[in-house]
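Undergrad: Build me a structure from this.
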Amino acid sequence: MSSTDDSDRIFKALADGRRRRLLDLLKDAPQTTGALCAAFPDLDRCTVMQHMRVLEAADLIIVQRKGRERWNHLNALPIREIYDRWIGDYAENAVYLLHRLKSDLETQPN
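TA: Here you go, the predicted structure:
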């Protein structure tokens, strides 16, 4: 599997607001599938599970089965890799440009 395929899966998973909400719910602590489904009263369990499968395929959640319960854990590493590849470089460049602008403004005579 190429890194482009991985990135495509991650961006596809993050494109839907409901999937981003699922990840938000997992930010602080793992949750059972039942608890996640309960957070979406307007969706049936099958629909929530479909969204969770997309997140799992993108490696954004890790599933751990304990007895009859399915615990879902956030895996933030793929998001961090996206940040490092795309946002980090852009942010660094923006900070450099702001520094240069500040410098230019400070050196101009009043």
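
Undergrad: Tell me what K66 is bridged to.
TA: E69 (DSSP bridges).

Undergrad: Report the central residue of the chain.
TA: For the chain, I79 is the residue whose C-alpha lies nearest the centre (Cα atoms, centre = their mean; 4.9 Å).

Undergrad: Now do the contacts for that residue.
TA: I10, L14, L60 (Cβ atoms under 8 Å, 6 or more residues apart in numbering). All C-beta atoms are positioned from the backbone trio N, CA, C, and that covers glycine.

Undergrad: so it is in which element?
TA: helix 77-82 (DSSP states H and E).

Undergrad: Need the contacts of I79 in TSV (columns: pLDDT, distance to R70 and neighbour count).
TA: Output for the contacts of I79, formatted as TSV (pLDDT from 0 to 100; distance: Cβ to Cβ, whole Å; neighbours: other Cβ atoms under 10 Å):
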residue	pLDDT	distance to R70	neighbour count
I10	95	22	19
L14	96	22	18
L60	98	16	24
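
Undergrad: and which of those residues is nearest T32?
TA: Nearest to T32 among the contacts of I79 is L60, at 17.3 Å by Cβ to Cβ.

Undergrad: Got the phi and psi for the closest one?
TA: Here the main-chain torsion angles of L60 (degrees, to the nearest 10) amount to phi -90, psi -20.

Undergrad: I'd say it and D24 touch.
TA: No: with contacts counted by Cβ atoms under 8 Å, L60 stays clear of D24, the gap being 11.7 Å.

Undergrad: Just the C-alpha atoms of the longest helix anywhere in the chain, please, in CSV.
TA: Assignment by DSSP state H gives helix 88-107 as the longest helix of the chain. Only the C-alpha atoms of helix 88-107 are listed here, as CSV (Å, rounded to 0.1, in the frame of the first residue of the first chain):
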residue,chain,number,x,y,z
GLY,A,88,3.9,21.7,9.3
ASP,A,89,5.7,23.0,6.2
TYR,A,90,3.0,25.5,5.4
ALA,A,91,2.9,26.8,9.0
GLU,A,92,6.7,27.1,9.1
ASN,A,93,6.6,29.1,5.9
ALA,A,94,3.8,31.4,7.2
VAL,A,95,5.8,32.0,10.4
TYR,A,96,8.8,32.9,8.4
LEU,A,97,6.8,35.4,6.3
LEU,A,98,5.3,37.0,9.4
HIS,A,99,8.8,37.3,10.9
ARG,A,100,10.0,39.0,7.7
LEU,A,101,7.0,41.3,7.6
LYS,A,102,7.6,42.3,11.3
SER,A,103,11.3,42.9,10.5
ASP,A,104,10.5,45.0,7.5
LEU,A,105,8.0,47.1,9.4
GLU,A,106,10.3,47.7,12.3
THR,A,107,13.2,48.8,10.0
